[in-house]
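J.: 3D model of this:
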Amino acid sequence: MSHLIEPHGGELVDLLLAEEQAAELKNQSKEWPSWDLSPRQMCDTELLLNGAFSPLRGFMKREDYESVCSDMRLADSTIWPIPITLAVTEEFAGSLSS
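T.: Here you go, the predicted model:
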């Protein structure tokens, strides 16, 4: 039995990549749309990457966002008190494809 407490949501999410994968994505990303992160967005990104926001695997999508705002729970019913979103302008968001 482990002496560590269970991570929130039951799984510690580690989004950090191995060096080879990071280099490959960095090379591919040269063609992707770009957004300059604010200091707050950089902090949120770091917390997502290192698992501090487990069980989140990225910024919230609409379903989780709306559920958190109305019920303080993720869409899967996991308790979550605040929305974790990447704020961008409507113009930039409209330029992205899903």
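
J.: residue boundaries of the strands in this protein?
T.: Under the criterion DSSP state E, the chain carries no strands.

J.: for it, name the helix or strand with the lowest mean pLDDT.
T.: One helix or strand of the chain scores below all others by mean pLDDT, DSSP states H and E: helix 90-94, with a mean of 93.

J.: then that helix to CSV, C-alphas only?
T.: Only the C-alpha atoms of helix 90-94 are listed here, as CSV (Å, rounded to 0.1, in the frame of the first residue of the first chain):
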residue,chain,number,x,y,z
GLU,A,90,-13.1,36.1,-30.3
GLU,A,91,-11.2,37.0,-33.5
PHE,A,92,-8.4,34.6,-32.7
ALA,A,93,-10.8,31.8,-31.6
GLY,A,94,-12.8,32.2,-34.8
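
J.: run through who's touching that helix.
T.: The contact list for helix 90-94, computed with CB atoms under 8 Å, 6 or more residues apart in numbering, reads P33, W35. (Glycine included, C-beta is placed from N, CA and C.)

J.: roughly how far is it from the heart of the chain?
T.: A distance of 19 Å separates the centroid of the chain from that of helix 90-94, by CA atoms, centre = their mean, to the nearest Å.

J.: cool, stretch 53-61 as well?
T.: 4 Å.

J.: return the set of buried residues in it.
T.: Neighbour-count burial for stretch 53-61 flags F53, S54, P55, L56, F59, M60 (criterion: 16 or more other CB atoms under 10 Å).

J.: neighbours around the closest residue to S95 other than its chain neighbours, how many?
T.: What sits nearest to S95 in space, not counting adjacent residues and going by CB to CB, 6 or more residues apart in numbering, is P33, at 6.4 Å. Neighbourhood size, P33 [other CB atoms under 10 Å]: 10.

J.: and P33, what does it touch?
T.: P33 neighbours (CB under 8 Å, 6+ apart): F92, S95, L96.

J.: likewise for V68?
T.: By CB under 8 Å, 6+ apart, the contact set of V68 is M60, L74, W80, P81, I82, P83.
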